[in-house]
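[1] Quick one, fold the following:
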Amino acid sequence: MKTVLFCGGLGTRIRDVSESIPKPMIPIGERPIIWHLMHYYSQFGHKDFVLCLGYKANVIKEYFLNYKPQTYADCVVTNFGNQVEILGDPQQDWRIAMIDTGIWRNIGERLWAVREHVAGEEMFLANYSDGLANVNLPEMIKAFRASGKIGCFTAVRPSFSLHLVDMRPSGKVERIRASQDANLWINGGFFIFRKEIFDYMREGDELVEAPFQRLIEADQLMAFRHEGFWRPMDTLKDKQILEDLVEKGTMPWLLNRDSRAASIHVERKIG
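    Prediction:
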């Protein structure tokens, strides 16, 4: 199953870090967050990726075009670097199509721009590329397949903490409660779509606004509840939390913690 990753945004909410690099390339430990996300999907056998590039697309292209697995893996070097033996079995053979979808496009426009790359798929996966989770992907796919619906997204608990206020029009406060105690669910950014999703899209649409509303009206959208680990990387605090998990060796999004480098096949296309 192909996986579409949206990698073209400006990352304005974490601009202090992403001024010189696109948000998906912000490092979490030794590797960028997009690598961690791609590794998550490949653990379930989904190794065919379509990257929707935009802001600083060249940085992402250069990373994968110049990728050297020996940089991250144990290895033996002979002949002054002319021969490199990777110790341990390589885990993945990723196929990566890198498509320049423009700088100023929204998520819906980026998905529309790569529709030809998922045209032959009954279903395909998609992700915002700015967060990590341990979503049970096989169960999510199973539930979505059984539903017969066109779109699915993970519904997660918000990672932020707020005080929610219940009050009357007069201003009288009836209750204050923590957001963790409320029945709040938000879009977690992990998607599954059938090819018919494009029938519900119009030129210029943002994905989760008009197209999702059309799906709702047609009873073609479902949410998959995820109560486990989920952490977006919207702020410096979020980045630090993910960094701390990597430093401690506690990475819920990795099934195999002793991960080795991937063997990568890259396709490029401009336009």
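
[2] rest of the way, CA atoms for contacts and neighbours
    Fine.

[3] which other helices and strands contact the host helix or strand of Val76?
    Per DSSP states H and E: Val76 is located in strand 75-78. Contact partners of strand 75-78 among helices and strands, from 3 or more C-alpha pairs under 8 Å, 6 or more residues apart in numbering; DSSP states H and E: strand 83-86.

[4] Looking at the strand it packs on now, give me its mean pLDDT.
    For strand 83-86, mean pLDDT rounds to 73.

[5] Going forward, count from 325.
    Okay, using 325 as the starting number, the last item reads as strand 407-410.

[6] Tell me which helix or strand comes right after that strand.
    Immediately after strand 407-410, counting by DSSP H and E, sits strand 417-424.

[7] and that next one, which residues are buried?
    Neighbour counts over strand 417-424 (16 or more other C-alpha atoms under 10 Å) mark 418-424 as buried.

[8] Convert the next helix or strand after that strand to PDB, retaining C-alpha atoms only.
    Using DSSP H and E, the helix or strand that follows strand 417-424 towards the C-terminus is helix 431-437. In PDB, the C-alpha atoms belonging to helix 431-437 read as follows (Å, rounded to 0.1, in the frame of the first residue of the first chain):
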ATOM      1  CA  ILE A 431      -2.600  19.800   2.000                       C
ATOM      2  CA  GLY A 432      -5.600  19.100  -0.300                       C
ATOM      3  CA  GLU A 433      -3.800  20.600  -3.300                       C
ATOM      4  CA  ARG A 434      -0.700  18.600  -2.600                       C
ATOM      5  CA  LEU A 435      -2.700  15.400  -2.500                       C
ATOM      6  CA  TRP A 436      -4.500  16.300  -5.700                       C
ATOM      7  CA  ALA A 437      -1.100  17.000  -7.400                       C
END
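
[9] Show residues contacting helix 431-437.
    328, 330, 376, 425-426, 522, 525, 527-532 (C-alpha atoms under 8 Å, 6 or more residues apart in numbering).

[10] What number of residues are in the vicinity of the nearest residue to Val400 once chain neighbours are set aside?
    Spatially, and ignoring its direct neighbours in sequence, Val400 is nearest to Glu409 (5.1 Å; C-alpha to C-alpha, 6 or more residues apart in numbering). Residues near Glu409, counting by other C-alpha atoms under 10 Å, number 13.

[11] Touching, Glu409 and Asn403? I think so.
    No. Applying C-alpha atoms under 8 Å as the test, Glu409 and Asn403 come out as separate, 11.3 Å apart.

[12] can you map out the helices along the stretch 375-524 of the chain?
    With DSSP state H, counting those that start in this stretch as the criterion, the stretch 375-524 of the chain has helices at 381-389, 431-437, 461-471.

[13] got the ones you listed as TSV, with distance to Met349 columns?
    Putting the helices of the stretch 375-524 of the chain into TSV (distance: least, C-alpha to C-alpha, whole Å) gives the following:
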stretch	distance to Met349
helix 381-389	7
helix 431-437	18
helix 461-471	23
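
[14] right, so those helices: which one is the most enclosed?
    helix 431-437 (a mean of 22; mean count of other C-alpha atoms under 10 Å).

[15] Contacts for stretch 443-460, please.
    So stretch 443-460 is contacted by 325-331, 347-348, 357-358, 360-361, 442, 513-519, 550, 552-558, 576-578 (C-alpha under 8 Å, 6+ apart).

[16] Can you tell me which of the contacts of helix 431-437 is closest to Tyr365?
    Nearest to Tyr365 among those: Val328, at 10.9 Å, using C-alpha to C-alpha.

[17] helices or strands up against the helix or strand in which the closest one is found?
    Per DSSP H and E: Val328 is located in strand 327-331. With contacts taken as 3+ C-alpha pairs under 8 Å, 6+ apart, strand 327-331 sits against strand 372-377, helix 431-437, strand 447-451.

[18] relative orientation of the last one and strand 372-377 in degrees?
    With axes from the mean of the first three to the mean of the last three C-alpha atoms, to 10 degrees applied, the angle from strand 447-451 to strand 372-377 works out at 40 degrees.

[19] in its sheet, what does strand 447-451 sit against?
    Sheet pairing for strand 447-451, assigned by DSSP bridges, gives strand 327-331 (parallel), strand 510-518 (antiparallel).

[20] Put the alpha carbons of the strand holding Val400 into CSV.
    Extracted in CSV, the C-alpha atoms of strand 399-402 (Å, rounded to 0.1, in the frame of the first residue of the first chain):
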residue,chain,number,x,y,z
CYS,A,399,30.0,-1.3,9.7
VAL,A,400,33.4,-2.5,8.6
VAL,A,401,35.4,-0.3,6.2
THR,A,402,38.2,-1.6,4.0
